[in-house]
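Task: produce atomic coordinates for the following.
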Amino acid sequence: MTQTHRSPRRPDAPVPIRLDAPQAGTSTFVNGHFPRRRGLIVALSVLAGFLLTVVWSAEFVDRTIGDNVANTLLGHDAKQTPIQGIAAGVLFAFVSGVAGTFTACNIAAFGALAPLSGSTGGRWRRFTAPLRPLGWLSVGMIAVSAAYGALVGLVGTSMPQFSTAPNTPGGLSPRSVQSMVVFGVIGLIMIYLGLASLGVVPDPFARIARRYPNAPMVFMGALIAGFLIGRPFALFRQMFRDAAESGNPLYGAAAFTLQSVGNIVIMAVLFLLLAWLAGSRLHRWFAARPSRLATLTAVAFIVAGAFTFLYWDVRLLARREIIPWYPTAPWA
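Here you go, the predicted structure:
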């Protein structure tokens, strides 16, 4: 009987990963290397999103941060000073966007894109690589913002967001209903994308990304612009009413586009700085254990989605006394 001698099996070499484009046959936002204990990752992410709804104070974010930023940039009280003319409206739109930067949804959306900041290669490639996903994200964002702004300029006074009806216990104003629907849908979409990043559910972009690799980034931009459709931020409502009363779709499109641009400008700068200063280190860190990419992307999406859905579709019902109780921190 002949005995066959086999050489010891060598450990598999690390698989190179690209963070600047999706790869065919894998999850669009990651590289196909999924982590273990995916159920635990999902559970902890949902828990983190829930806890964020408990401690989140919209009043602090909108008034203490948002209003002060807008007042400083404009040089006057943004809420008390009427918007006079198109030029003032365009400036107000951009400034109100900057003032509304630090919302949980906006931060989380860019958190999901943070892994794309890793890159290798020459100096020019490291400089241009993060501009590509940011550029395609802007395409989707501007398309939706401009279209919605033009719609507001045409028929905005008849839309639920134009309503000034007060919120009363046991009832929902038209603008609250619109916010619940829009943010509820966005939250569920983010949760699904997080589950797809872990390979728990099918990737909705798996087929289209093979032909159009930048489609996921365009969709993320559209998702960020979708925040405008439900946003209750007081300064945004002021801009919304001004565009609606103007009856000018071109002004509405320009104002809403600049509002979206202002909304992401700070996060975009932070994203680029992260890519340029630490991109190569991030790439090596992800390459050492490729499942880290799936984990971070999924956590960002699921935390954001759970927060958005619970905050706008469950906690809001408790605040309107439609359901009996929802836990909140004393300062929230």
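
Helices of the stretch 101-250 of the chain, start to end?
Per DSSP state H, counting those that start in this stretch, the stretch 101-250 of the chain carries helices over the ranges 104-113, 123-128, 131-155, 174-197, 208-211, 215-225, 227-230, 234-246, 249-288.

tell me which residues of the last one are tucked away?
Buried residues in helix 249-288, defined by neighbour count with 16 or more other CB atoms under 10 Å: 249, 251-264, 266-268, 271-272, 274-276, 279, 282-283, 286-287. In this view, the C-beta of every residue, glycine as well, is placed from N, C-alpha and C.

before we move on, what about the fifth one?
Of the residues in helix 208-211, those buried under the neighbour-count criterion (16+ other CB under 10 Å) are residue 209.

Give the rounded mean pLDDT of it.
Helix 208-211 comes out with an average pLDDT of 88.

chain center to it, what's the gap?
22 Å (CA atoms, centre = their mean, to the nearest Å).

For it, list the C-alpha coordinates in PDB.
The C-alpha coordinates for helix 208-211 follow below in PDB (Å, rounded to 0.1, in the frame of the first residue of the first chain):
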ATOM      1  CA  ILE A 208     -27.300  46.600 -11.100                       C
ATOM      2  CA  ALA A 209     -23.900  47.300  -9.500                       C
ATOM      3  CA  ARG A 210     -22.300  44.900 -11.900                       C
ATOM      4  CA  ARG A 211     -23.200  47.200 -14.800                       C
END
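
just to revisit the earlier point, any chance of the helices of the stretch 101-250 of the chain in JSON lines, with distance to residue 69 too?
As requested, the helices of the stretch 101-250 of the chain are exported to JSON lines (distance: least, CB to CB, whole Å):
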{"stretch": "helix 104-113", "distance to residue 69": "14"}
{"stretch": "helix 123-128", "distance to residue 69": "29"}
{"stretch": "helix 131-155", "distance to residue 69": "20"}
{"stretch": "helix 174-197", "distance to residue 69": "22"}
{"stretch": "helix 208-211", "distance to residue 69": "37"}
{"stretch": "helix 215-225", "distance to residue 69": "19"}
{"stretch": "helix 227-230", "distance to residue 69": "17"}
{"stretch": "helix 234-246", "distance to residue 69": "10"}
{"stretch": "helix 249-288", "distance to residue 69": "10"}
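
Looking at these, which is nearest to residue 316?
Closest to residue 316 of the helices of the stretch 101-250 of the chain is helix 174-197 (CB to CB; 6.2 Å).

on contacts alone, who are the packing partners of that closest one?
helix 38-55, helix 104-113, helix 215-225, helix 227-230, helix 291-310, helix 316-319 (3 or more CB pairs under 8 Å, 6 or more residues apart in numbering; DSSP states H and E).

and it, which residues are buried?
Buried residues in helix 174-197, counted by 16+ other CB under 10 Å: 175-176, 178-180, 182-187, 189-197.

now do stretch 79-89
Buried residues in stretch 79-89, counted by 16+ other CB under 10 Å: 83, 89.

How about residues contacting it?
67, 74, 92, 234-235, 238-239, 242-243, 246, 248, 251, 255 (CB atoms under 8 Å, 6 or more residues apart in numbering).

Tell me where the model's unsure across the stretch 101-250 of the chain.
The stretch 101-250 of the chain contains residues with pLDDT under 70 at 102-123, 126.

at 80 what do you get?
101-130, 232-233 (pLDDT under 80).

Tell me both backbone torsions, phi and psi, for residue 130.
Phi and psi for residue 130, reported as degrees, to the nearest 10, are phi -70, psi -20.

so it makes contact with residue 276?
Yes. Between residue 130 and residue 276 there is a contact under CB atoms under 8 Å: 7.3 Å.

number of nearby residues for the residue nearest to residue 218 when sequence neighbours are not counted?
Among residues not flanking residue 218 along the chain, residue 140 sits closest, at 3.8 Å (CB to CB, 6 or more residues apart in numbering). Other residues within reach of residue 140, judged by other CB atoms under 10 Å, total 22.

wait, doesn't residue 140 sit right on residue 214?
No. In this structure residue 140 lies outside contact range of residue 214 using CB under 8 Å: 9.4 Å.

Now the common contact residues for these two.
In contact with both residue 140 and residue 214: no residue, using CB under 8 Å, 6+ apart.
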